[in-house]
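> structure, please.
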Amino acid sequence: MKLAVVAVGHRQPAWVGAGCSEYLKRLPRELPATVIEVKPEPRGSKTRDQLLAAEGGRIRDAVAAGSRLVVLDEKGDDLTTLQLARRLETWMQDGRDTVFLIGGADGLDSELKRRADDSIRLSSLTLPHGLARLLLCEQLYRAVSVLKNHPYHREG
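Presented below is the predicted three-dimensional model:
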């Protein structure tokens, strides 16, 4: 199984890319992960729905057919790290590639949300886009460390 974080946005601060790279390179070889940036739609005179539809098309183009789609959404499941680890374990047993979708400034296309296999949220707080990306990468590494009984995650 492969993991991918598909995120709308570009020109993130260097620390975002460096942090994501650091956590993703720590993942085991049998669970490779990448971050794929999707260009945001220029605003111009387009409506929000038009922007989201255009970005949604780019996201669909970046996702391999048959992949499990997990959207990051404020209304998604509020998981603990241990719950994310168990969900990841279930996904790994299924074997399909898993793609986490992070929308742009206006969110995600409603069609993508409907098509998603799962929906999770990172926080009740509103997070800057780059920080959400980095937090997801760290939590994926942490979830794998739980599954591998690695001491990175310490339950209190």
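> okay, now the closest residue to residue 143 other than its chain neighbours: neighbour count?
Excluding its sequence neighbours, the residue lying closest to residue 143 (C-beta to C-beta, 6 or more residues apart in numbering) is residue 85, at 4.0 Å. Using the backbone N, CA and C atoms, a C-beta is placed for each residue, glycine as well. For residue 85, the count of nearby residues is 21 (other C-beta atoms under 10 Å).
> check contacts around residue 85.
Residue 85 sits next to 142-144, 146-147 when contact means C-beta atoms under 8 Å, 6 or more residues apart in numbering.
> which SS state does it fall under?
Put simply, residue 85 is helix when judged by DSSP: H, G, I helix; E, B strand; the rest coil.
> separation between it and residue 149?
To residue 149, residue 85 is 11 Å away according to C-beta to C-beta, to the nearest Å.
> check residue 13 too.
Going from residue 13 to residue 149 by C-beta to C-beta gives 34 Å.
> repeat that for residue 45.
Counting by C-beta to C-beta, the gap from residue 45 to residue 149 is 55 Å.
> again, but for residue 108
Distance from residue 108 to residue 149, by C-beta to C-beta: 34 Å.
> before we move on, what about residue 3?
From residue 3 to residue 149 the distance is 20 Å (C-beta to C-beta).
> neighbour count winner among residue 108 and residue 149?
Shown here are residue 108 and residue 149; by other C-beta under 10 Å, residue 108 has more neighbours (21 against 7).
> contacting residues for that one?
Residue 108 is in contact with 52, 55-56, 59, 71, 73, 101, counting by C-beta under 8 Å, 6+ apart.
> got the CA positions of stretch 81-97 in CSV?
The C-alpha trace of stretch 81-97 is given here as CSV (Å, rounded to 0.1, in the frame of the first residue of the first chain):
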residue,chain,number,x,y,z
THR,A,81,-3.9,9.0,17.5
LEU,A,82,-4.7,5.4,18.6
GLN,A,83,-7.9,5.4,16.6
LEU,A,84,-6.1,6.7,13.5
ALA,A,85,-3.5,4.0,14.0
ARG,A,86,-6.2,1.3,14.1
ARG,A,87,-7.9,2.8,11.0
LEU,A,88,-4.6,2.8,9.2
GLU,A,89,-4.0,-0.8,10.2
THR,A,90,-7.4,-1.7,8.7
TRP,A,91,-6.6,0.2,5.5
MET,A,92,-3.2,-1.6,5.3
GLN,A,93,-5.0,-5.0,5.5
ASP,A,94,-7.2,-3.9,2.6
GLY,A,95,-4.1,-3.1,0.6
ARG,A,96,-5.5,-0.3,-1.6
ASP,A,97,-3.5,2.9,-1.9
